[in-house]
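Participant: got a sequence here, can you build the structure:
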Amino acid sequence: MSKLLIVGTVAFDAIETPFGKTDKILGGAATYIGLSASKFGIKSGIVSVVGGDFPQSNLDMLEKNGIDTTGIEIKKEGKTFFWSGKYHNDLNVRDTLITELNVLADFNPIVPKDFIDAEFLMLGNLHPAVQMAVIKQMPKRPKLVALDTMNFWMDNTLDELMEVIKKVDVITINDEEARQLSGEYSLVKAAHKIHEMGPKYVVIKKGEHGALIFNNGSVFFAPALPLEEVFDPTGAGDTFAGGFMGHLTKTENLSFDNMKNAIIYGSNLASFCVEKFGTQKMEALTQTEIQERLIQFKDLTQFDIQLD
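Facilitator: Here you go, the predicted structure:
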C-alpha cells in the first residue's frame, strides 16, 4: 500500500462566524488534510512543529485516526502557531485578526525515516522554503507531488514559490490566487499559464461553488453540495485536498478519470468539514455518512438528456 506524507501546519485557531465563536481550538492545514485522508484507510504521516502548549490528547487523536505523528516536532520552550479570524455574513469573506507564527517562524522540517520513500506527497500551505526542504529530503521522487499555496506567498516569496511550482504535479489554489499567479482573468487561460510553470494538473477551488481540475486542455468541474448548515468554512480547502490525495493514494491510479473521482471525494469530505466548528465533524465522521453523501453528489450531477 502506498504512503502519503503531509507537510503543513498543526495549529490553534480561534474562529468567529455569524453563528458563534470559539476559544483556541485545534486547527492547521496538516490536521485537516490528515483527518480527511485518514478516511481512506491509508498509511499517512505529518511533518510539522508545535510548542510545549500543544496537548498530548490532540496528538493521540491524530494517532487514533491512523495518522503517524513522529514527524511532528515538539519544541517544549515554544508556543504553537496561532491564527484568529472572523467571517462575514458571506462566509467566503474573512478577516484575519491575529497571526502568531511562534515555533513556525524557524521551522526546519525533518521527514521521518518511515516516510522518506512515500509515493505521495502533499505540501500544505507553508513557506515555500519549507516545502522545498521536504522535496529535497526525498531520495526518490514521489509518484505524485501536490502543492497548496496562497496569495501571501505570491506577494512575499514569489521567486521561491516558482521554484517549488516547477517541481510539483498538482497545484491547488483558489480562483483569485490562480488569476494573481497567472495574470489572466479567464480561469481556462490561467490554468494554461500555470501548466506552463510545471504542474500537469491545476485544481482551482471555488469555495461554495465547487472546484475545477485542468489537464492538457481537459477540464472537469465538481460542484459543492448545497448545505442546510454551514457553521465554519475554516479548513474546508485543506479537507478537500486531503480527500483528493487520500483517494489517489488508496487507488494508486493517476489517470485523469481517477483524478475526477478524487475531486468528487475531496468535495464530499469538505462538505462535512463546514458543518461544525474546527475539526469536530471530521473527527466523528463515519463511512456510512460519507457513502450516503456521495450518493447525493451523484444525484446532483447526473442527468439523462436526449441529443438529436
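
Participant: rest of the way, CA atoms for contacts and neighbours
Facilitator: Fine.

Participant: quick check: which element contains the closest residue to residue 260 other than its chain neighbours?
Facilitator: Nearest residue to residue 260 in three dimensions, chain neighbours excluded: residue 220, at 6.6 Å (C-alpha to C-alpha, 6 or more residues apart in numbering). Per DSSP states H and E, residue 220 falls inside strand 218-222.

Participant: also residue 45?
Facilitator: With secondary structure defined by DSSP H and E, residue 45 is part of strand 43-51.

Participant: again with residue 95
Facilitator: Taking DSSP H and E as the definition, residue 95 sits inside strand 94-100.

Participant: following the chain onward from that strand, which element is next?
Facilitator: Along the chain past strand 94-100, the next helix or strand (assigned with DSSP H and E) turns out to be strand 120-123.

Participant: contacts for that following strand, please.
Facilitator: When contacts are taken as C-alpha atoms under 8 Å, 6 or more residues apart in numbering, the neighbours of strand 120-123 outside the stretch itself are 2-8, 131, 142-148, 245, 249.

Participant: quick check: buried residues in stretch 208-217?
Facilitator: Across stretch 208-217, burial judged by 16 or more other C-alpha atoms under 10 Å covers 208, 210, 211, 212, 213, 214, 215.

Participant: tell me which of those fall in strands.
Facilitator: Within the buried residues of stretch 208-217, residues falling in strands by DSSP state E are 211, 212, 213, 214, 215.

Participant: was I right about the first one contacting residue 205?
Facilitator: Same thing as residue 211. Yes - proximity of residue 211 to residue 205 meets the contact threshold set by C-alpha atoms under 8 Å, at 4.4 Å.

Participant: break down the stretch 1-150 of the chain into its strands, ranges please.
Facilitator: Assigned by DSSP state E, counting those that start in this stretch, the stretch 1-150 of the chain shows strands spanning 3-7, 11-17, 20-21, 25-27, 43-51, 67-68, 72-75, 82-87, 94-100, 120-123, 144-148.

Participant: tell me the most buried of the ones you listed?
Facilitator: The highest mean neighbour count among those, using mean count of other C-alpha atoms under 10 Å, belongs to strand 3-7: a mean of 28.

Participant: what about that strand, distance to the chain center?
Facilitator: Strand 3-7 sits 12 Å away from the centroid of its parent chain (C-alpha atoms, centre = their mean, to the nearest Å).

Participant: make 20 the first number, not 1, from now on.
Facilitator: Sure, I'll start numbering at 20, so the last one becomes strand 22-26.

Participant: that one pairs with which strands?
Facilitator: For strand 22-26, the pairing partners within the sheet under DSSP bridges are strand 62-70 (parallel), strand 139-142 (parallel).
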